[in-house]
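Chemist: Just the structure for this:
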Amino acid sequence: MKIVICGSMSHHFKMLKIKEKLVALGFEVLLPEVATNQQLLEIRNNSYTDTAELKIRYNFIKKHYQCIVGSDAVLIVNFEKNGIKNYIGGNAFLEMGFAHVLNKPIFLLNPIPHIKYYYHEMMAMKPVVLRNNLSRLSRKLKLRLKEK
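Modeler: Just a heads-up that it's a prediction; the model follows:
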């Protein structure tokens, strides 16, 4: 089964560790693309800032959408960021929406954050919250795919 990981690029190295765990559980895993060494260095130094210019130049939004299209499900890796527990930013929210309209199961590593601008929309997409337990993903995904 193919899982696409989505989340804040500031958590890229955590995403890599999660990918390793999912691969060990038998999943094929796709991550958001890192386009340049400079971007990777900024992520490592905790100084990375996403910009529209980068998203346009490297076509990040459309590329990750295509990954979602070809996947079985998405996993939103939502850790604390900018003082917001279980943060889900604009890109990850958009990717949740892509998965939702494509009828792909949506999994959240941690509970839905209370972000007033789109909390209710996230709830309406009915994501499965794993509560930071990746071993639940396989069982839950099989159940969701049987429901289809």
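Chemist: Spit out the contact partners of Met122.
Modeler: Ile88, Phe93, Met96, Ile112, Ile115 (Cβ atoms under 8 Å, 6 or more residues apart in numbering). Glycine gets a C-beta too; all of them are placed from N, C-alpha and C.
Chemist: what's the answer for Gln38, then?
Modeler: By Cβ under 8 Å, 6+ apart, Gln38 lies in contact with nothing.
Chemist: Is it part of a helix or strand, or is it coil?
Modeler: Following DSSP: H, G, I helix; E, B strand; the rest coil, the label given to Gln38 is helix.
Chemist: What separation do you get for it and Asn45?
Modeler: Counting by Cβ to Cβ, to the nearest Å, the separation of Gln38 from Asn45 is 11 Å.
Chemist: Distance check, Lys63 against Gly70.
Modeler: For Lys63, the distance to Gly70 - Cβ to Cβ - is 11 Å.
Chemist: ok, now Met1?
Modeler: In this view, Met1 and Gly70 are 12 Å apart by Cβ to Cβ.
Chemist: Tell me which of these two has more neighbours.
Modeler: Using other Cβ atoms under 10 Å as the criterion, Met1 and Gly70 rank with Met1 on top: 16 against 10.
Chemist: Mind telling me what element Lys116 is part of?
Modeler: Under DSSP states H and E, no helix or strand contains Lys116.
Chemist: Let me know how buried it is, in neighbour terms.
Modeler: By other Cβ under 10 Å, 6 other residues sit near Lys116.
Chemist: before we move on, what SS does the residue lying closest to Phe79 once chain neighbours are set aside have?
Modeler: Closest residue to Phe79 apart from its sequence neighbours, by Cβ to Cβ, 6 or more residues apart in numbering: His11 at 5.3 Å. Applying three-state DSSP to His11 yields a three-state assignment of helix.
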